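1. Have a look at this prediction, sequence included:
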Amino acid sequence: MDEIRLQLLKEVAGLHDIPEGAYNIRENGKSIGRQSTEEIEIVPMEDGSGLNIYVKPGTKKKSLHIPVIISQSGLSEVVYNNFHIGEDCDVTIIAGCGIHNGGSADSRHDGIHSFYIGENSRVKYVEKHYGMGDGNGERIMNPETNVEMAKNSYMEMETVQIKGVDSTIRKTHAKLAEGAKIVITERLMTHGKQTAESYFDVTLDGEDSGANLISRAVAKENSYQKFVSKIIGNTVCSGHSECDAIIMDHAKIEAIPELTANSTEAALIHEAAIGKIAGEQITKLMTLGLSEAEAEEKIVEGFLR
Amino acid sequence: MLELRNISFDVDENSKTKGILKNINLTLEDNKFVVVTGPNGGGKSTLAKIIAGIETPSQGQIFWNGEDITQLNVTERAKRGISYAFQQPVRFKGITVFDLIQLATGKPINVDKACEYLSAVGLCAKDYIRREVNASLSGGELKRIEIATVMARNTAMTIFDEPEAGIDLWSFQNLIQVFEKLHEQNHGNIMIISHQERILNIADEIVMIADGQLRDRGPREEMLPKIFGQIDRPEGCGCRYYEQC
């Protein structure tokens, strides 16, 4: 693998080599490596627009890597991946997209992932986005995640975008049946003129279903972020969304909560806090010998961890 | 050795200048355990912040081992060996207790080493080491973590600003033991801002600050009787010693 490829794979999927277990590595619009296993079958769509992935019922402690890398400046693609998770599974799915743009044309990846999670299954889904390259062309990523959760299923979704993405619109929709739980953690940093918009839309249809949406964001320089979280509670359920953001320089952040309770038994909470780094935090770290810039960096690093 | 020469600190209050510290002259010899005490609002915490570089004096100079550090910022003073424990410990989202202790030591350390500092302040280390230094910790826990970070720095001058504030009785007992141990181990200069008799009782020297002025200083044996009213007062005087007399 060449150096750019390796760097992108390391950043988005933590890969240093070909992963163990099931995987599909997509580069510049084509699969450059794919492996199914006995438990996880990866079936490409006939038109080449994505994958259908089938996880057999009862699959436990298995992982799937499906990173996407783009190193061809000017490439724009829309990819559809559908994950069919059987009942009683426990799997980890590592996705993510890395773009290296060394040219003047925009590179863009729209990844639309749909999850159908069977009863009593647990899914950990990690999605990292990363951009690099010194070209003038923008690095654009628009991930969309649709989740349908069956009875007593559980999903932990972790999305990270720390560096190099010029523009992103991230959409997540989830519908939860009885006893299903979803925890979504988003960590996001923008700088320069970057823009990032995140939309979460969770519908709690089943009794005792629950959602916890946590966003930690840092906006630096002239960047812009928007966080919209919408939770609809239709029955006995609990929903919590929390947006915590550090704003720096001339950045702008919007946090817009929307809670809809269609039942007296729905317990929904939203918390949002946007502010600059507290001066006393910087001073405290300076008393430990860090410079002001180092202190600021540590605080941001910890906040986004 | 720390030397304060003619230190004053003024603030604007309703368009008038108010003196918080007034011409403080103070020399602290090496390896002394000094407690600065006095009435609330007298300027003790401001004095501590001025030594740490958090506040800048309106006039006067500060010398540390012969070097004029008046214009040095907090970081530069920290690098020269001046540590400061906040009266109200700072909370951080995402930074763990381990992170903070490691930053304090200034070098990579392992978890066992970090736990030693926490155990020294009476915290069960394994319960705390990976926790974030955030609002989930109580005031007393934060206070002890703050003291642990300052101990981890192991510097030539350590300033504690009212370490007993917000600490329960049980923890206070533990805190006294921590300071006694620090004193025994002779960890450079220790300056504690405190009103607590039990902390005053372990001082080598006590400095009295009231109304922004250095009212008195001396060895503990001389100062304690004055502070606790065992001296003659002017006839008819009902006020507490040092406050108005």
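-> The structure has been received and is ready for your questions.
2. Report the contact partners of residue B:105.
-> Contacts for residue B:105 were tallied using C-beta atoms under 8 Å, 6 or more residues apart in numbering or on different chains; they are B:113, B:152-154. (Each C-beta comes from the backbone N, C-alpha and C, glycine too.)
3. sorry, that was for residue A:202
-> A:172-176, A:182, A:211, A:213, A:230-232, A:239.
4. From residue A:53, how far off is the residue nearest in space to the middle of chain B?
-> Relative to the mean C-alpha position of chain B, the nearest C-alpha, by C-alpha atoms, centre = their mean, is the one of residue B:160, at 2.2 Å. Between residue B:160 and residue A:53 the distance, using C-beta to C-beta, to the nearest Å, works out to 58 Å.
5. sec struct for residue B:117, please.
-> Assigned state for residue B:117: helix (three-state reduction, DSSP: H, G, I helix; E, B strand; the rest coil).
6. Verify the stated contact: it with residue B:151.
-> Yes. Checked against C-beta atoms under 8 Å, the pair residue B:117 and residue B:151 is within contact range at 5.7 Å.
7. what's the burial count for the closest residue to residue B:139 other than its chain neighbours?
-> Residue nearest to residue B:139 in three dimensions, not counting chain neighbours: residue B:166, with 4.0 Å by C-beta to C-beta, 6 or more residues apart in numbering or on different chains. Counted with other C-beta atoms under 10 Å in any protein chain shown, the neighbours of residue B:166 add up to 15.
8. which residues touch residue B:166?
-> Residues touching residue B:166, when contacts are defined by C-beta under 8 Å, 6+ apart, comprise B:88, B:139-140, B:143.
9. Now flag whichever of the residues you listed is closest to chain A.
-> For chain A, the closest of the contacts of residue B:166 turns out to be residue B:88, at 8.2 Å, with distances computed as C-beta to the nearest C-beta.
10. Name the SS class of that closest one, please.
-> For residue B:88, the secondary structure call by three-state DSSP comes out as coil.
11. By mean pLDDT, flag the weakest helix or strand of chain B.
-> When the helices and strands of chain B are compared on mean pLDDT, DSSP states H and E, helix B:169-185 comes out lowest with a mean of 80.
12. tell me which residues of that one are tucked away?
-> Within helix B:169-185, the residues that count as buried by 16 or more other C-beta atoms under 10 Å in any protein chain shown are B:171-172, B:174-176, B:178-179, B:182-183.
13. what about the helix or strand following it and chain A, any contact?
-> Once helix B:169-185 ends, the next helix or strand along the chain (criterion: DSSP states H and E) is strand B:189-193. No. Taking C-beta under 8 Å from any C-beta of the partner chain as the criterion, strand B:189-193 and chain A are apart, separated by no less than 14.0 Å.
14. what lines up beside strand B:189-193 in the sheet?
-> Using DSSP bridges, strand B:189-193 pairs in its sheet with strand B:33-37 (parallel), strand B:157-161 (parallel).
15. Mind putting the ones you listed into CSV with mean pLDDT?
-> Formatted as CSV, the entries for the strands paired with strand B:189-193 read as follows, by pLDDT from 0 to 100:
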stretch, mean pLDDT
strand B:33-37, 95
strand B:157-161, 94
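16. right, and these - which one's nearest residue B:3?
-> Checking the strands paired with strand B:189-193 against residue B:3 by C-beta to C-beta gives strand B:157-161 as the closest, at 11.9 Å.
17. Distance from the closest one to the middle of the chain?
-> In this view, strand B:157-161 has its centroid 4 Å away from the chain centroid, taken as C-alpha atoms, centre = their mean, to the nearest Å.
18. same check, this time on stretch A:221-230
-> Relative to the chain's own centre, stretch A:221-230 is displaced by 15 Å; criterion: C-alpha atoms, centre = their mean.
19. mind listing what's buried in it?
-> For stretch A:221-230, the buried set under the neighbour-count rule, 16+ other C-beta under 10 Å, comprises A:223-230.
20. so how far is residue A:47 from the residue nearest to residue A:29 when sequence neighbours are not counted?
-> Excluding its sequence neighbours, the residue lying closest to residue A:29 (C-beta to C-beta, 6+ apart) is residue A:77, at 5.4 Å. Taken as C-beta to C-beta, the spacing of residue A:77 relative to residue A:47 amounts to 12 Å.
21. again with residue B:52
-> With distances taken as C-beta to C-beta, residue B:52 is found 66 Å from residue A:47.
22. okay, residue B:19: pLDDT?
-> On the pLDDT scale, residue B:19 is placed at 93.
23. Count the neighbours of the residue nearest to residue A:38 when sequence neighbours are not counted for me.
-> Closest residue to residue A:38 apart from its sequence neighbours, by C-beta to C-beta, 6+ apart: residue A:56 at 7.8 Å. Burial of residue A:56, expressed as a neighbour count using other C-beta under 10 Å, amounts to 16.
24. Can you give me every residue that contacts residue A:56?
-> Residues in contact with residue A:56 (C-beta under 8 Å, 6+ apart) are A:38-41, A:86, A:89.
25. mind listing which of the residues you listed are in strands?
-> Among these, DSSP state E puts A:40-41 in strands.
26. Make a ChimeraX selection of the buried ones in the contacts of residue A:56.
-> Provided next is the ChimeraX selection string for whichever of those are buried by 16+ other C-beta under 10 Å:
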select /A:39,40,86,89
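27. a markdown table for the contacts of residue A:56, including pLDDT?
-> Below are the contacts of residue A:56 laid out as a markdown table (pLDDT from 0 to 100):
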| residue | pLDDT |
| --- | --- |
| A:38 | 96 |
| A:39 | 97 |
| A:40 | 97 |
| A:41 | 97 |
| A:86 | 98 |
| A:89 | 98 |
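28. ok, the residue of chain A found nearest chain B to residue A:127 distance?
-> For chain A, the residue closest to chain B is residue A:302, as judged by C-beta to the nearest C-beta, at 3.4 Å. In this structure, residue A:302 and residue A:127 are 22 Å apart, going by C-beta to C-beta.
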